[in-house]
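Student: 3D, please:
(chains A and B)
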Protein chains: 2
Amino acid sequence: MKQQIKLYPNTKTKIAIGLLSGTSVDGIDAVIVKIRGYGNNTKLEVIDFQTYPIPVEVKKAVLKNSYDRSARVSEICRLNSILGILFSNAVIKISKKNGLLKNGKVLADFIGSHGQTIHHLPDNKEFAGHRIKSTLQIGDPAIIANLTGVTTVGDFRIADCAVNGDGAPLVPYLDYILFSSKTLSRGLLNIGGIANITVIPKNATKRDVFAFDTGPGNMLIDGLVSKLFRERFDKDSKIAGKGSLNSRLFEFLLRDKTYKKKPPKSTGREQYGSEYQELILREAKGISKNDIIRTVTEFTSFTIWYNYEKYIKPKVKLDELIASGGGCKNKIIMSSLRKYLKGTKVKEVYSFGISADSKEAVLFAMLANECLAGNSANMPSVTGSKKDVILGKICLAY
Amino acid sequence: MKQQIKLYPNTKTKIAIGLLSGTSVDGIDAVIVKIRGYGNNTKLEVIDFQTYPIPVEVKKAVLKNSYDRSARVSEICRLNSILGILFSNAVIKISKKNGLLKNGKVLADFIGSHGQTIHHLPDNKEFAGHRIKSTLQIGDPAIIANLTGVTTVGDFRIADCAVNGDGAPLVPYLDYILFSSKTLSRGLLNIGGIANITVIPKNATKRDVFAFDTGPGNMLIDGLVSKLFRERFDKDSKIAGKGSLNSRLFEFLLRDKTYKKKPPKSTGREQYGSEYQELILREAKGISKNDIIRTVTEFTSFTIWYNYEKYIKPKVKLDELIASGGGCKNKIIMSSLRKYLKGTKVKEVYSFGISADSKEAVLFAMLANECLAGNSANMPSVTGSKKDVILGKICLAY
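Tutor: Numbers count the residues shown, from 1 in each chain, chains lettered A, B, ... in the order given. Predicted structure coming up:
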């Protein structure tokens, strides 16, 4: 017996690595953090954050295998391992860059890996005689543990689904630990592929926090920019900047039902992915390419504002809205939000010492820390789950 | 923090539950065992073994989702949860039956669950720029942990694939611990959907053990009995008993390349499943249904004998061949083996205190025990993996 699971004393400072690939499958986010304590006493310090590109053929295979019409079980099986290898490579690279690779050994205490979501079904639809919520992440944590030699915790969402939760969003736990305030009511808006918001009323307990996906984040913009301009994203919102809002297309978008749903709610590529984007393109016949991108950009901001007005403001008037994720670099989204949200300061998260990009990767390092401490980190008030559970599966390295 | 991972002292007797659904997806095998120690010092006692049926619509959905042409990612996502629920129900039922359910709480120390394999790819074929071995089990252990309230270890195979192993067979570890002998060379033959054999030369160390899949176990017989007679299996080999070997069909079967391959090798539904069975039926036009079943039954025995003669006997002459799995109840298979294997005693495993049926479920209770002890339980000499790893992912109940 070479190793036992280490249960760190509350006072020890641990080196943890957080890993994530988002719904857009552009790259692996890797963050090195120092963590001390757990739960309400967690202290975090970000040491480095890097994004490592995912080879285009792997990205294509992941997207192909996220849809029923094109997925193949053999490819899902292989991609689970391949992504595990890519995540391991990211760990090795960021460790080397930071002097944490010695004699081929990664000198971290543990890794927390979200993996890659290829399907997310919080809909409770009946199948084979059962009504269940489910979610599927690949990029196997057992591969990461064995290729890096570091205890790896992964697959954080499914335990919440087991007790009838949506398994998403998970970021409210980090938001609650890092951003709760005695004097300010704060909203934490993450604009990734999907946009989600966490509301932390001033002086909140964990049960007062609520959060939900508002609708599309970058997914519609990135997807349509890729289809129309062969670019990965709308850099500096230059493409949208050259277009104007097309009211016919905007009205079509407003008919989408998902962003209007009452929280708790979560969404994903099933709703705003390629299939819906093709629908938009059919609807947008005759509209200029720049106008299409401007319109979906404005629609993205609109869905955020709509959700604030309808589902947040009546309960909590926000003093601050703190944005993170790739979308907070989109100037049009940010200026629209500032225009809509009078009386609320719209900030970016880096003013709090965590970069907009790294926030979700930090979350998974933190969730691994909670799992190894035997601590529950799901948020029933956010995901709708029936009880507190421990998130994550522990894979030991030998 | 309500719970910590329990690392049991070597001397404590633990109650463990082993779970398994095999390639035929007929039922969930559940076993309760008392375990003391680990590694070479493991002591096991089987308390109860039960098989709980899998609803036919779930079985159909699992089989449908095991093939590329019919699998759907959304269904795989849901089945992962549904099977987790069915495994949990099996734990609760067998616990209740044995007085281990008190006030709704399962009084076991841990659960080891194999899950349900829906794909197994030890072929190293290139995909998306990578050559990797992979395997995919569903029936999420995080669901089992949270619905039973018991620490659950699952997903045992992928860690071995991470270090270039086939991830199968796993049973040789149990065979080695339970059946090694100073005076007898033993072969442990498990006839499940696939047949595999473990060879333990007398006085062996772990590295002397070798094992491999010989070819079909019950898969061809069960599949064709289902297609031709609408029965689940050939009970008491009555169907085959009324037929005779058809030499034209037998010669066709002999052309199969998988059973002839040099070990180490592993196989599965990809090779002997519905697609191959349909091929057999096309080839068997004009042959009576009973003759078809008799012929595939004889072929199944032949592949076991062929592998013994070619790949075992030249190295180790077996004193005993100990059969387990559903197939050891097939009288025609067993009598053919006794006829072929002169000089080797052919026994059934229950003469050793473990029933033929329960053996694989016992394995997963035992592997969970090794994982929780931080002990490596893969067998590089068997699976071809490059190094020792810890098998399994630990899911904590809160």
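Student: Can you tell me the closest non-neighbouring residue to A:S301?
Tutor: A:S336 (3.6 Å; CB to CB, 6 or more residues apart in numbering or on different chains). To be clear about C-beta, it is placed using only N, CA and C from the backbone, and glycine gets the same treatment.
Student: Mind giving me the packing neighbours of the helix or strand bottoming out on mean pLDDT in chain A?
Tutor: None of the helices or strands of chain A scores lower by mean pLDDT, DSSP states H and E than helix A:269-272, at a mean of 88. Using 3 or more CB pairs under 8 Å, 6 or more residues apart in numbering or on different chains; DSSP states H and E, the elements in contact with helix A:269-272 are strand A:110-121, helix A:219-229.
Student: near chain B, anything from the longest one?
Tutor: Translated: strand A:110-121. Yes. Applying CB under 8 Å from any CB of the partner chain, one finds strand A:110-121 touching chain B at A:118-121.
Student: So for the helix ranked longest in chain A, mean pLDDT?
Tutor: Ordering each helix of chain A by length in residues (DSSP state H) puts helix A:73-97 first. In this model, helix A:73-97 has a mean pLDDT of 98.
Student: One more: stretch A:301-321?
Tutor: Average pLDDT, stretch A:301-321: 97.
Student: Need the distance between the two termini of it.
Tutor: Stretch A:301-321 has its terminal residues 13 Å apart, counting by CA to CA, to the nearest Å.
Student: which outside residues touch it?
Tutor: Residues from elsewhere that reach stretch A:301-321 (CB atoms under 8 Å, 6 or more residues apart in numbering or on different chains): A:184-187, A:189, A:195, A:197, A:199, A:201-202, A:212, A:214-216, A:254, A:259-260, A:262-263, A:332-333, A:336-337, A:340-341, A:343-347.
Student: Quick check: which of the helices and strands packed on helix A:269-272 is buried the most?
Tutor: strand A:110-121 (a mean of 27; mean count of other CB atoms under 10 Å in any protein chain shown).
Student: quick check, whichever helix or strand comes after that one touching chain B?
Tutor: Under the assignment DSSP states H and E, the closest C-terminal helix or strand after strand A:110-121 is strand A:126-127. Yes. Strand A:126-127 lies within reach of chain B by CB under 8 Å from any CB, at A:F127.
Student: Going by contacts, tell me the helices and strands next to strand A:126-127.
Tutor: By 3+ CB pairs under 8 Å, 6+ apart, strand A:126-127 packs against helix B:73-97.
Student: Next up, identify which helix or strand A:A368 is on.
Tutor: Here A:A368, judged by DSSP H and E, is contained in helix A:359-372.
Student: any residues touching the following helix or strand past that helix, and which ones?
Tutor: Sequence-wise, the next helix or strand downstream of helix A:359-372 (DSSP H and E) is helix A:380-383. For helix A:380-383, the surrounding residues in contact (CB under 8 Å, 6+ apart) are A:160, A:165-169, A:172, A:198, A:206-212, A:264, A:266, A:386-388.
Student: May I have helix A:380-383 as CSV, with CA atoms only?
Tutor: Taking C-alpha atoms only, helix A:380-383 is exported to CSV below (Å, rounded to 0.1, in the frame of the first residue of the first chain):
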residue,chain,number,x,y,z
PRO,A,380,-30.1,22.8,-3.3
SER,A,381,-31.5,26.3,-3.4
VAL,A,382,-29.9,26.8,-6.8
THR,A,383,-30.1,23.4,-8.6
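Student: how about the helices in chain A?
Tutor: A:56-64, A:73-97, A:141-148, A:158-162, A:171-179, A:219-229, A:238-241, A:247-254, A:269-272, A:274-283, A:289-307, A:331-340, A:359-372, A:380-383.
Student: Low-confidence ranges, the stretch 251-398 of chain A, go.
Tutor: A:351-352 (pLDDT under 70).
Student: Could you list the residues of it in contact with chain B?
Tutor: A:371, A:373-376, A:387-390, A:393-398.
Student: Farthest-apart pair in these, please.
Tutor: For these, with distances taken as CB to CB, the pair at the greatest spread is A:K387 and A:Y398 (33.5 Å).
Student: which of those two has more neighbours?
Tutor: A:Y398 (20 against 14; other CB atoms under 10 Å in any protein chain shown).
Student: The more buried one and B:G392 touch, don't they?
Tutor: No. Look at A:Y398 against B:G392 with CB atoms under 8 Å: they stay out of range, at 11.6 Å.
Student: which regions of the stretch 1-150 of chain A sit below the pLDDT cut-off?
Tutor: Ranges of the stretch 1-150 of chain A meeting pLDDT under 70: A:1-11.
Student: residues contacting the residue of the stretch 201-350 of chain A found nearest chain B?
Tutor: Across the stretch 201-350 of chain A, the shortest distance to chain B (CB to the nearest CB) belongs to A:E270, at 8.0 Å. By CB under 8 Å, 6+ apart, the contact list for A:E270 reads A:119-121.
Student: Out of the residues of the stretch 251-398 of chain A next to chain B, which is nearest to A:P53?
Tutor: Closest approach between those and A:P53, by CB to CB: A:C395, at 25.0 Å.
Student: these two touch, right, the closest one and A:D155?
Tutor: No. When contacts are counted by CB under 8 Å, A:C395 is not listed as touching A:D155 (9.4 Å).
Student: So between those two, which is more surrounded?
Tutor: More neighbours surround A:C395 than the other of A:C395 and A:D155, with 31 against 27 (other CB under 10 Å).
Student: so what's the more buried one up against?
Tutor: A:C395 is in contact with A:141-142, A:144-146, A:151-154, B:159, B:390, B:393-394, counting by CB under 8 Å, 6+ apart.
Student: Chain neighbours aside, what residue packs nearest to it?
Tutor: Nearest one to A:C395, counting by CB to CB, 6+ apart, is A:A145 at 3.9 Å.
Student: circling back: now do the shared contacts for A:C395 and A:D155.
Tutor: Joint contacts of A:C395 and A:D155 (CB under 8 Å, 6+ apart) are A:141, B:393.
Student: on that earlier part again, let's have the contacts of A:C395 in a markdown table, adding neighbour count.
Tutor: Shown next, in a markdown table, are the contacts of A:C395 (neighbours: other CB atoms under 10 Å in any protein chain shown):
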| residue | neighbour count |
| --- | --- |
| A:P141 | 31 |
| A:A142 | 29 |
| A:I144 | 32 |
| A:A145 | 29 |
| A:N146 | 28 |
| A:T151 | 23 |
| A:T152 | 33 |
| A:V153 | 29 |
| A:G154 | 30 |
| B:A159 | 30 |
| B:I390 | 30 |
| B:K393 | 29 |
| B:I394 | 25 |
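Student: what comes up buried for the longest helix of chain A?
Tutor: In terms of neighbour count (16 or more other CB atoms under 10 Å in any protein chain shown), helix A:73-97 has its buried residues at A:73-92, A:94-95.
Student: any idea of the angle that helix forms with helix B:73-97?
Tutor: 90 degrees (axes from the mean of the first three to the mean of the last three CA atoms, to 10 degrees).
Student: For chain B, tell me whether helix A:73-97 is touching it.
Tutor: Yes. Using CB under 8 Å from any CB, we find that helix A:73-97 touches chain B at A:73-82, A:84-85.
Student: Tell me how far that helix lies from the chain's centre.
Tutor: 18 Å (CA atoms, centre = their mean, to the nearest Å).
Student: A:S24 touches A:D222, doesn't it?
Tutor: Yes. Using CB under 8 Å, A:S24 is in contact with A:D222, at 5.6 Å.
Student: what sits in contact with each of these two?
Tutor: A:G193.
Student: Count residues in the vicinity of the closest residue to A:D388 other than its chain neighbours, would you?
Tutor: Distances taken as CB to CB, 6+ apart put A:S376 closest to A:D388, at 3.8 Å, once the chain neighbours are dropped. For A:S376, the count of nearby residues is 23 (other CB under 10 Å).
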